[in-house]
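Undergrad: Have a look at this fold, sequence not included:
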């Protein structure tokens, strides 16, 4: 089997899998706001369209169309669980990561007792921060693991004092921040958290677009991400491992409490969008087989595609970071090199970030400006959230030519 290092991502093939790149209205535009949501791949849009046309009935019923509808929903859960390295019943769907976090926080609030403690960070955006902080209403001690105000870095040595007693039951942290961009060593952090006797909740919203991780190897108790950022429909996925899921009180209908993934879905799921998530697995398989031809199991294919995406993104990130590092009129949040950094680069500028993003638009560059629900890390680094930052984010379907166009445009507007 060829290693990823021997391969080069075929971006022509990749872009042919995304209908957006064939749309006349999007031609000659370079999309650099992927951290807010990626384009959906054609397998997802095809599955979603088919479900609405052919199978939009109550699933899991007694007639063939209903059985097909339920089967497609099960297929999505099964195939994603194999890629993520977890069990079928450990994958739950919800309308968004923020709402999934809120449901889980409510469950923890009813499981924990007054005086128990949890740890959150000020590196995360609100999805994996705000809902947990509200547990103070249950008498829970909420402790904050704070970032370095200059670099935005989370130092593991700062976590240990927060877990020094035996009261901490849960630690919530991001796999990657959506403004700092640094990739935290999630497996190492989970190891230390477990040694302290606590559960680990990892926010993967800003990491998963760059390759779905093997959560089983990471050993996280909870892993959260949004499928509309991983080339799919607008859903949130929460992996809740069996040992923890069985302990948490049921948040769904009382008659659904016997199925783990139904325990954390208070309302009925969006059947069509859940079914369409199987298209994400389709895409990962297509990428693998296009580049490798030979087969592996689903988990190994997922790891290989993850590494291929990451390798391509790093190659594009290098010239951008080199260019930005040569300017003295901007502040780069997070690492200034490609090591341990996702291709999500937030810049603090004299002008408001949204204003600069608007200036880039006529030049064919679609970027983001604002606080991105990350007011806590911005404030911790001395940046006014109302002023915001310019955020440049890309994924594996971005090309070297688009990065060159971005650099040229930045030269004009900065």
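TA: Arrived safely, thanks for sending. Because the structure is a prediction, the values reported are computed rather than measured.
Undergrad: The stretch 301-414 of the chain: helices as residue ranges?
TA: Under the criterion DSSP state H, counting those that start in this stretch, the stretch 301-414 of the chain contains helices at 353-360, 375-380, 400-413.
Undergrad: Please report how far the spatially closest residue to residue 403 that is not a sequence neighbour lies from residue 395.
TA: In space, and not counting its chain neighbours, residue 403 is closest to residue 316: 5.0 Å by CB to CB, 6 or more residues apart in numbering. Heads up, the C-betas are built off the backbone N, CA and C, glycines and all. Look at residue 316 and residue 395: by CB to CB, to the nearest Å, they are 10 Å apart.
Undergrad: Kindly report the same for residue 72.
TA: Distance from residue 72 to residue 395, by CB to CB: 26 Å.
Undergrad: neighbour-wise, which of residue 316 and residue 395 wins?
TA: residue 395 (25 against 22; other CB atoms under 10 Å).
Undergrad: what's near enough to touch that one?
TA: By CB atoms under 8 Å, 6 or more residues apart in numbering, the contact set of residue 395 is 34, 38, 209, 210, 309, 313, 343.
Undergrad: contacts for the host helix or strand of residue 201?
TA: If you go by DSSP states H and E, residue 201 is part of strand 199-203. Applying CB under 8 Å, 6+ apart, the external contacts of strand 199-203 come out as 97, 101, 104, 124-125, 127-128, 132, 169-175, 186, 189-190, 193-194, 218-225, 244.
Undergrad: could you measure the residue nearest to residue 158 when sequence neighbours are not counted against residue 244, distance?
TA: Sequence neighbours aside, residue 145 is the residue nearest to residue 158 in space, at 6.2 Å (criterion: CB to CB, 6+ apart). To residue 244, residue 145 is 20 Å away according to CB to CB.
Undergrad: ditto for residue 199
TA: From residue 199 across to residue 244, the span is 6 Å (CB to CB).
Undergrad: Give me the more crowded residue out of the two.
TA: It is residue 199, of residue 199 and residue 244, that has more neighbours when counted by other CB under 10 Å, with 23 against 20.
Undergrad: Burial check on the nearest residue to residue 248 once chain neighbours are set aside, number of neighbours?
TA: In this structure, residue 248 finds its nearest non-sequential neighbour in residue 107, 4.2 Å apart by CB to CB, 6+ apart. Residue 107 has 20 neighbours, counted by other CB under 10 Å.
Undergrad: Need the residues touching each of residue 199 and residue 244.
TA: Contacts common to residue 199 and residue 244, judged by CB under 8 Å, 6+ apart, are 221, 222.
Undergrad: where exactly do the strands run in the stretch 251-400 of the chain?
TA: 331-332, 344-348, 365-366, 368-370, 389-393 (DSSP state E, counting those that start in this stretch).
Undergrad: Which residues does the fourth one contact?
TA: Residues outside strand 368-370 that contact it (CB under 8 Å, 6+ apart) are 32-33, 35-36, 352-358, 388-391, 393.
Undergrad: residue boundaries of the helices in the stretch 1-150 of the chain?
TA: 11-16, 42-54, 64-84, 97-111, 130-133.
Undergrad: Ok, which of the ones you listed comes nearest residue 406?
TA: helix 11-16 (15.6 Å; CB to CB).
Undergrad: Find out how far the closest one is from the centre of the chain, if you would.
TA: 22 Å (CA atoms, centre = their mean, to the nearest Å).
Undergrad: cool, and stretch 190-198?
TA: With CA atoms, centre = their mean, you get 22 Å for stretch 190-198.
Undergrad: What are the buried residues along that stretch?
TA: Across stretch 190-198, burial judged by 16 or more other CB atoms under 10 Å covers 190, 193, 196, 198.
Undergrad: Just the pLDDT for the second one.
TA: This means residue 193. With respect to pLDDT, residue 193 has a value of 98.
Undergrad: Name the SS class of it, please.
TA: Judged by DSSP: H, G, I helix; E, B strand; the rest coil, the three-state class of residue 193 is helix.
Undergrad: List the contacts of it.
TA: Taking CB under 8 Å, 6+ apart as the test, what residue 193 contacts is 163, 171, 199, 200.
Undergrad: how far away is residue 196 from residue 171?
TA: For residue 196, the distance to residue 171 - CB to CB - is 8 Å.
Undergrad: Between these two, which contacts overlap?
TA: Common neighbours of residue 196 and residue 171 (CB under 8 Å, 6+ apart) are residue 163.
Undergrad: Now do residue 259, the pLDDT please.
TA: Looking at residue 259, its pLDDT is 90.
Undergrad: Leaving out sequence neighbours, find the closest residue to it.
TA: Closest residue in space to residue 259, ignoring its immediate chain neighbours: residue 89 at 6.8 Å, by CB to CB, 6+ apart.
Undergrad: How about the contacts made by the one you found?
TA: 242, 259, 260, 261.
Undergrad: wait, the last one sits on residue 86?
TA: It stands for residue 261. No: contact criterion CB atoms under 8 Å: residue 261 and residue 86 do not qualify, at 11.0 Å.
Undergrad: Residue ranges in this structure under the pLDDT threshold?
TA: For the chain, the stretches with pLDDT under 70 are 1-2.
Undergrad: Spell out for me which residue occupies the centre of it.
TA: residue 205 (1.9 Å; CA atoms, centre = their mean).
Undergrad: SS state for that one?
TA: Assignment for residue 205 (three-state DSSP): coil.
Undergrad: Contact partners for it?
TA: 97, 125, 127, 128, 174, 178, 224, 225, 226, 229.
Undergrad: Which phi and psi values does it adopt?
TA: phi -60, psi -40 (degrees, to the nearest 10).
Undergrad: on that earlier part again, so for residue 291, which of the helices of the stretch 301-414 of the chain sits nearest?
TA: helix 400-413 (18.1 Å).
Undergrad: Buried ones in the closest one, by neighbour count?
TA: Under 16+ other CB under 10 Å, the buried positions of helix 400-413 are 402, 403, 405, 406, 409, 410, 413.
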